[in-house]
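1. any chance you can model this:
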Amino acid sequence: MAAMTTKTAFLTDVEGNWEYFCRYVGLSDALSFTDGTNGLGAHTAMDLDLADGYNFVFGGDAGDKGNGTLRFVETMVRLKHKYPGRVTLLLGNRDVNKMRFTSELADDEIDNLDAIPGPYWVAEAKRVTPAAFVRKVALKALGLPPDTDEDVDLTPFNTKANRVRWMLKETMGSDGDFERRAEELAIMGDKPVSDVTENEVVASFLNSVALGGCIRNYLELGQLAHIVDNTLFVHGGVIGNFGSVRVPDKKSTDNLGYVPGRSSRFTDLHAWVSALNSWASTQVRSWITAPNWKEGSVPSLDRRDRGGDDFIDYVVPGCEPSVILARHLDKSGMPQPVPEAVAQQLLRSGIERVLVGHTPHGNCPTLIKTPVAGTTRGLLVVMADTSYSDMKAEDNRGFAVSDVTVLDRDSTKVQGVIETQEKISYTLSLENLFAPQGDQLIGTLLPDDEEPRFVKARMVQDEAEYLLCHVKGYTTKYYRSSAGDVREILDIKVAPVRQASSSDSFTATTAILLEDRDASDNRRALLSAMFERLDQNTDGAVDLLELRSGVEQCPSFGKLVRLNSNTPAAEQEMAELFAGIDTDNSGQITQEEFVAFFDGQPIKPSVTLQEAAECLAEAADEKKAWLTMPRAAALAVGLFSAAGAITVASPALPLFGLCASIGFLVAHNPKASELRPSSQ
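-> Numbering: from 1, shown residues only. Coordinates of the predicted model:
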């Protein structure tokens, strides 16, 4: 298990779409192309740089549906070699199933056309054998009707090229990838696609899984699961309707602790992940050692005498409990919370977040929240496969691209662009996961007998607007809604803030919180502006003298940090405060240190909500008359509760420096009035 000392960027299911990957890199704070370009139009794999302070996890399914599979897979392999301890490559079904090429494209398999069965995991009524596929190809080429009974010599059409096409279409869910591979070879060879022969395309598929091939290298470097602190990364998820195509009565609805070949499940999920990755590695080595069927093997649905067969079973429909083919959706396609028993098991092992791909679900990531008894944090599942963002687009993605980053133990940030080219951005906190406000509304399921919806994202252009989604089968509908409308659907009554004293002026309610501005972003913006005000000589750093001067100029700030610059004791407290913020002991506070300290840590046990509101209100003057006592209280409650510091009924708050920053800005920053609410 890796410790979370850095942020972790997560990308999944690129599926050979090089242009999509390049757009992701352009959006990402973690990755950049080493040569400084945007990567578009590259004729070869590219080198990447991983920013300091970041890990990177790719969630699997590297290729299959675009003309960039070879370039993308090789790019991932290079990245892993460059940053072996900071980059993790997960295995998806579209990666593992390529192990079949070495055995199923052997010469004797091609010659034995009539004996080769269809895929055993497909229902018999829908199963297509290689012979049936080749016949369709022959009839079309000869101009004969598809339902003719006429005998046709299939020999000229029984080629490795058509066997690859059969594998891609009828067994791998990637129809058309033969032609897309030809396009990529043309790009890489800087020649017209018409100059690429079928034999070259076949050779590229075989070479990719041979010694030194990019997909074989990826398989050797890949793993099935990865844990970073309190976050589990897998390709598909942890729940689903699992069975076994080999043993039909072996059923399960979750995969936690399950490793193929073991009679019992692991209860320690860290031990499980280690054992699961070890099993996968053993399977890949088995395939490398015995890549073909045994000599004399008779083709049948039950043939199991090639290396890696168990791994191939692990990634097909009807498989035993698999982290690759899990599915966090109900039968209609709506998000499905994790069963409480499964969630409890995850939490007992310290897992509070699960990041997955595999299941495409609309134009941006889907977040699924599961309440767990005994905690306000619950369990968060992030489904990040957006490969069906725009079904009207040629590549089914269009302009949509999203970046998911695990910021720390508590926060997950999602930013991106949906198919309409509108931007989304939000940061969801595990603390108070179900709070009905701000970014915490993301992932909320809205009940409705006819058309239940869920809150999918927050729009950037209008931060008070949320993107809602309803899915039924293959139909996805989107809606826009305000936070108030969402709460109305949930029938949430926003109660008045409890008074901290008998003061009649303290009557603000949470109904006048900052509905039009994300509180967490507001908090950081205020803190950054406050730092700039403290930095009197504009050198990008604040020394002890500047901090002291700021406290003297702004009594409300001094009051909130419990400092009084007129006493010797306060001078000592000031030095201690400065030392606490100056984490690198440089003698100067950077803006990053300042924001991080006040944004996330209490510096004194608590101040009352009344005190916080009074400190805000005292900063108001005739130019900022909008900051009345009730509104000051609302700002205090809104920002503190958004930070997870209090509930709306709590009379006392741990100090995060939020109210101090507002008071300081209102008193000293001429632009502070721009931060006021748009109403009230």
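
2. from here on, contacts and neighbour counts on C-alpha atoms
-> OK.

3. count of neighbours near residue 289?
-> For residue 289, the neighbour count with other C-alpha atoms under 10 Å is 12.

4. just give the nearest non-adjacent residue to it, would you?
-> With C-alpha to C-alpha, 6 or more residues apart in numbering as the criterion, residue 289 has its nearest non-adjacent residue at 6.8 Å, and that residue is residue 307.

5. and if you look at residue 431?
-> Closest to residue 431 by C-alpha to C-alpha, 6+ apart is residue 377, at 5.0 Å.

6. for the stretch 451-600 of the chain, which segments are assigned as strands?
-> Here the stretch 451-600 of the chain has its strands, by DSSP state E, counting those that start in this stretch, at 453-458, 465-472, 475-482, 541-542, 589-590.

7. stretch 377-390 - what's its average pLDDT?
-> The average pLDDT for stretch 377-390 rounds to 95.

8. then stretch 590-602?
-> Rounded to a whole number, the mean pLDDT of stretch 590-602 is 69.

9. repeat for stretch 209-222
-> 98.

10. give me the buried stretch members for that stretch, please.
-> By 16 or more other C-alpha atoms under 10 Å, the buried positions in stretch 209-222 come out as 209, 210, 213, 214, 215, 216, 217, 218, 219, 220, 221, 222.

11. ok, now stretch 165-175?
-> For stretch 165-175, by 16+ other C-alpha under 10 Å, it's 165, 166, 167, 168, 169, 170, 171, 172, 174, 175.

12. so who does the closest residue in space to residue 159 that isn't next to it in sequence touch?
-> Excluding its sequence neighbours, the residue lying closest to residue 159 (C-alpha to C-alpha, 6+ apart) is residue 110, at 7.0 Å. When contacts are counted by C-alpha atoms under 8 Å, 6 or more residues apart in numbering, residue 110 touches 104, 158, 159, 160, 163.

13. with residue 366 instead?
-> 335, 382, 383, 384, 443, 456.

14. JSON lines for these, including distance to residue 471, secondary structure and neighbour count?
-> Shown next, in JSON lines, are those (distance: C-alpha to C-alpha, whole Å; DSSP: H, G, I helix; E, B strand; the rest coil; neighbours: other C-alpha atoms under 10 Å):
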{"residue": "335", "distance to residue 471": "9", "secondary structure": "strand", "neighbour count": "24"}
{"residue": "382", "distance to residue 471": "17", "secondary structure": "strand", "neighbour count": "22"}
{"residue": "383", "distance to residue 471": "14", "secondary structure": "strand", "neighbour count": "27"}
{"residue": "384", "distance to residue 471": "16", "secondary structure": "coil", "neighbour count": "29"}
{"residue": "443", "distance to residue 471": "14", "secondary structure": "coil", "neighbour count": "26"}
{"residue": "456", "distance to residue 471": "12", "secondary structure": "strand", "neighbour count": "27"}
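
15. can you tell me the SS state at the residue nearest to residue 159?
-> Following DSSP: H, G, I helix; E, B strand; the rest coil, residue 110 is assigned to helix.

16. how far does the longest helix seen in the chain sit from the chain's center?
-> Longest helix of the chain, by residue count under DSSP state H: helix 269-289. Distance of helix 269-289 from the chain centroid (C-alpha atoms, centre = their mean, to the nearest Å) equals 24 Å.

17. and for that helix, what's in contact with it?
-> Applying C-alpha under 8 Å, 6+ apart, the contact partners of helix 269-289 are 1, 99, 219-220, 223-227, 256-260, 266, 306-311, 346, 349.

18. for PyMOL, write a command that selects the buried ones of these.
-> Here is the PyMOL command that selects the buried residues among those (16+ other C-alpha under 10 Å):
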select buried, resi 99+219+220+223+224+225+226+227+256+257+258+259+260+306+307+308+309+310+311+346
